[in-house]
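A.B. asks: for reference, the sequence and a predicted model appear below.
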There are 2 protein chains.
Amino acid sequence: MNFQKRKQKILEQLDRTGEVDIKKLAAELDISEITARRDLNQLANDGLLYRTHGGAMKVDPLAKPKDFANKAAQNADVKDHICRKAAEHINDGDIIFMDCGSTVFRLCQFIKNKKIKVITNSLPVIYELQNCSVSINIIGGEFNNERQATHGKIANEHIARYHAGKAFLGVDGVSARGLFANSELEAEITSMYINQSAYTYVLCDDSKVGKETYLKFAYIDQIEAIITNADDQKLACFKDTALTILQVG
Amino acid sequence: MNFQKRKQKILEQLDRTGEVDIKKLAAELDISEITARRDLNQLANDGLLYRTHGGAMKVDPLAKPKDFANKAAQNADVKDHICRKAAEHINDGDIIFMDCGSTVFRLCQFIKNKKIKVITNSLPVIYELQNCSVSINIIGGEFNNERQATHGKIANEHIARYHAGKAFLGVDGVSARGLFANSELEAEITSMYINQSAYTYVLCDDSKVGKETYLKFAYIDQIEAIITNADDQKLACFKDTALTILQVG
DNA sequence: TTTAATTTGATCAAAATTAATCAAAAACGA
DNA sequence: TCGTTTTTGATTAATTTTGATCAAATTAAA
């Protein structure tokens, strides 16, 4: 039984019972306690569970904050899968951009215990990451109530002052031809994030893959990776690109 | 049973019954009393409950937003009087700066129906003014959790990009010699507000008047008006200045 | 106010859990 | 096949958690 398989079983049990115990886990999976500990530590590091003395617990299932939460709650399962995978790519010490989409918002719950710096224009993200080990940098500018985020010239300039190792972005559509958005404000700020980050992850569910909507604002080779639940068929269009595709169940 | 699990159970019971008792808790959770005490102390330290002799009580849900709310609630009457007066000086079409003090925060409730633009570095102010006729501009920069606001170089630069007709600011002390603050970060951003506004109101209760604390960051003639509940005697020191004094009951 | 009872914090010791180090085993690529 | 890397397990030392004891502080009662 390898790590990936054990990981599956651990998360499964965690989902079922809410907690796991090192001793029992070691017995059930027929591994030593030290290995069980190592597994749990690694999963905790990825934000997939919360480590306790002698075991682990399910990660905080509280996602209540606002009417924003309504939109964020749509398709929550799929979004959580995508974000869980995204969280695996975030390590202590990272500086990351997070945009103001509802998918990216759900990434918060998985990174609360990481020692990272988050730069964002999303008010719900700020709210969610208060009082945890994440240090926050707020993109200033005119606040758009509908999107619960800042946008505009000053916001763009603000982003231009920073550089981050990774950016986690949502889009309204993505195809081999590029990235698409439903609004100019959104497109501009997303472009800025891409420009100012070394590695860009696009988070999107299968409904966005292959969709070419309103406004194209970036070429596909400007980003490095896509994290999605889309199937191989939908993703086939990217086979001639250099894109890293991270597929989740 | 580890701490995390006990924590869950304690908070659960607290939510149900409103209070817990050390002896009962120790018996129910099958732990020693000293451990129960330690648990309660830790949770109290995190602000999740209110410690009593022999047990704990549910924390007031109103106070949960954070200690900021507590501070804002201190002296609320006086602060409200001051802010009501301040609001009289704000008209539709105004563009105003609001800083991140607890006094200025209470100004929000009096300006919700005004058609104005507010530029602020205070997260509580932003929350409070969402979904009303006020349009908001957020000062970006590094977020300081204790002050619930952005500060620092980028925040200062951001303010420098804007001009406003009026600024409403809190201070830690004010005398004929100038304005005083308890922290450099605070002082810097307040200075920027003063520089970038045509007319500056300082809001302060009588305890701040005549107080010269830590750091002087501005001369008294850099501001135009003080709104305070201080009496004539305390305000006498300003009689040789050009200051407009707005006294409230 | 004084006294008695209770609660508390501090200190120490025991138990459990963990991290660190190293060696063995397995997987991998050439 | 061999050498390298990765994974795993055993041992040990360090850390964390817990409980017991006792003096100090707090509360309640007289």
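C.D. replies: Great, that's in hand. Numbers count the residues shown, from 1 in each chain, chains lettered A, B, ... in the order given.

A.B. asks: would you map the helices across chain A?
C.D. replies: For chain A, the helices defined by DSSP state H cover A:3-17, A:22-29, A:33-45, A:68-73, A:76-88, A:102-105, A:108-111, A:123-129, A:153-160, A:184-195, A:232-235.

A.B. asks: right, and those - which one's nearest residue B:187?
C.D. replies: helix A:153-160 (22.5 Å; Cβ to Cβ). In this view, the C-beta of every residue, glycine as well, is placed from N, C-alpha and C.

A.B. asks: any idea of the mean pLDDT for that closest one?
C.D. replies: The average pLDDT within helix A:153-160 is 94.

A.B. asks: in contact with the residue of chain A at minimum distance from DNA strand C, which residues?
C.D. replies: The nearest approach of chain A to DNA strand C comes at residue A:54, 3.7 Å away (Cβ to the nearest atom of the strand). Residue A:54 is in contact with A:21, A:22, A:23, B:2, counting by Cβ atoms under 8 Å, 6 or more residues apart in numbering or on different chains.

A.B. asks: return the nearest residue of chain A with respect to DNA strand D.
C.D. replies: Here chain A gets closest to DNA strand D at one residue, residue A:35, 3.1 Å apart by Cβ to the nearest atom of the strand.

A.B. asks: can you tell me how far the closest residue to that residue other than its chain neighbours is from residue A:1?
C.D. replies: Closest residue to residue A:35 apart from its sequence neighbours, by Cβ to Cβ, 6 or more residues apart in numbering or on different chains: residue A:26 at 7.3 Å. Applying Cβ to Cβ, to the nearest Å, the value for residue A:26 to residue A:1 is 12 Å.

A.B. asks: kindly report the same for residue A:219.
C.D. replies: In terms of Cβ to Cβ, residue A:219 sits 43 Å off from residue A:1.

A.B. asks: in terms of neighbours, single out the busier of these two.
C.D. replies: More crowded of residue A:219 and residue A:1, by other Cβ atoms under 10 Å in any protein chain shown: residue A:219, with 13 against 10.

A.B. asks: I figured that one hits residue A:176, correct?
C.D. replies: No. Taking contacts as Cβ atoms under 8 Å, residue A:219 lies outside contact range of residue A:176: 9.7 Å.

A.B. asks: what's the pLDDT at residue A:54?
C.D. replies: We note a pLDDT of 88 for residue A:54 in this prediction.

A.B. asks: actually residue A:76, not the one I wrote
C.D. replies: So residue A:76 comes in at 66 (pLDDT).

A.B. asks: do the same with residue A:67
C.D. replies: pLDDT recorded at residue A:67 is 49.

A.B. asks: neighbours of whichever residue of chain A sits closest to chain B, how many?
C.D. replies: Of all residues in chain A, residue A:140 sits closest to chain B, at 2.5 Å by Cβ to the nearest Cβ. Residue A:140 is flanked by 29 other residues according to other Cβ under 10 Å.

A.B. asks: the closest residue to it other than its chain neighbours and residue A:207, how far apart?
C.D. replies: Using Cβ to Cβ, 6+ apart and skipping residues adjacent in sequence, the residue nearest residue A:140 is residue B:140, 2.5 Å away. Distance, residue B:140 to residue A:207, by Cβ to Cβ: 32 Å.

A.B. asks: before we move on, back to that, wait, the residue of chain A closest to DNA strand D touches residue A:25, no?
C.D. replies: No. Look at residue A:35 against residue A:25 with Cβ under 8 Å: they stay out of range, at 9.5 Å.

A.B. asks: so for these two, which residue has more residues nearby?
C.D. replies: residue A:25 (22 against 15).

A.B. asks: and that one, what does it touch?
C.D. replies: A:10, A:13, A:31, A:36, A:39, A:40, A:55.

A.B. asks: buried ones in stretch A:175-195?
C.D. replies: Residues of stretch A:175-195 classed as buried by neighbour count (16 or more other Cβ atoms under 10 Å in any protein chain shown): A:175-176, A:178-181, A:185-194.

A.B. asks: go on, stretch A:24-34?
C.D. replies: So stretch A:24-34, judged by 16+ other Cβ under 10 Å, has buried residues A:25, A:26, A:29, A:31.

A.B. asks: again with stretch A:103-120
C.D. replies: For stretch A:103-120, by 16+ other Cβ under 10 Å, it's A:103-114, A:116-120.

A.B. asks: with stretch A:53-61 instead?
C.D. replies: Neighbour-count burial for stretch A:53-61, with 16+ other Cβ under 10 Å as criterion, is recorded at A:55, A:56, A:57, A:58, A:59.

A.B. asks: filter the residues you listed down to the ones close to chain B.
C.D. replies: Checking those against chain B by Cβ under 8 Å from any Cβ of the partner chain, the ones in range are A:55, A:57.

A.B. asks: switch the buried residues of stretch A:53-61 over to CSV; also include distance to residue B:136.
C.D. replies: As requested, the buried residues of stretch A:53-61 are arranged in CSV below (distance: Cβ to Cβ, whole Å):
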residue, distance to residue B:136
A:55, 45
A:56, 41
A:57, 38
A:58, 36
A:59, 32
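
A.B. asks: next step: the buried residues of stretch A:53-61 restricted to strands.
C.D. replies: A:55, A:56, A:57, A:58 (DSSP state E).

A.B. asks: for the third one, give me its contacts.
C.D. replies: If I follow you right, that is residue A:57. Contacts of residue A:57 (Cβ under 8 Å, 6+ apart): A:14, A:18, A:19, A:49, A:50, B:4, B:5.

A.B. asks: one more: the first one?
C.D. replies: With contact set as Cβ under 8 Å, 6+ apart, residue A:55 has these partners: A:19, A:20, A:21, A:22, A:25, A:40, B:2.

A.B. asks: break chain A down into its structural domains.
C.D. replies: A:3-58, A:68-247 (automatic domain parsing).

A.B. asks: just name the most buried of those domains.
C.D. replies: Across these, averaging neighbours per residue (mean count of other Cβ atoms under 10 Å in any protein chain shown) puts domain A:68-247 on top, at a mean of 20.

A.B. asks: coming back round to it: TSV for the contacts of residue A:55, including pLDDT?
C.D. replies: Formatted as TSV, the contacts of residue A:55 follow (pLDDT from 0 to 100):
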residue	pLDDT
A:19	85
A:20	89
A:21	88
A:22	90
A:25	88
A:40	89
B:2	82
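
A.B. asks: from the residues you listed, list the ones also adjacent to DNA strand D.
C.D. replies: Of the residues in the contacts of residue A:55, proximity to DNA strand D by Cβ under 7 Å from any atom of the strand holds for residue B:2.

A.B. asks: output the contacts of residue A:55 as CSV; include the columns distance to DNA strand C.
C.D. replies: Shown next, in CSV, are the contacts of residue A:55 (distance: Cβ to the nearest atom of the strand, whole Å):
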residue, distance to DNA strand C
A:19, 12
A:20, 11
A:21, 8
A:22, 5
A:25, 10
A:40, 8
B:2, 8
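
A.B. asks: give me the low-pLDDT residue ranges for chain A?
C.D. replies: A:47, A:60-77 (pLDDT under 70).
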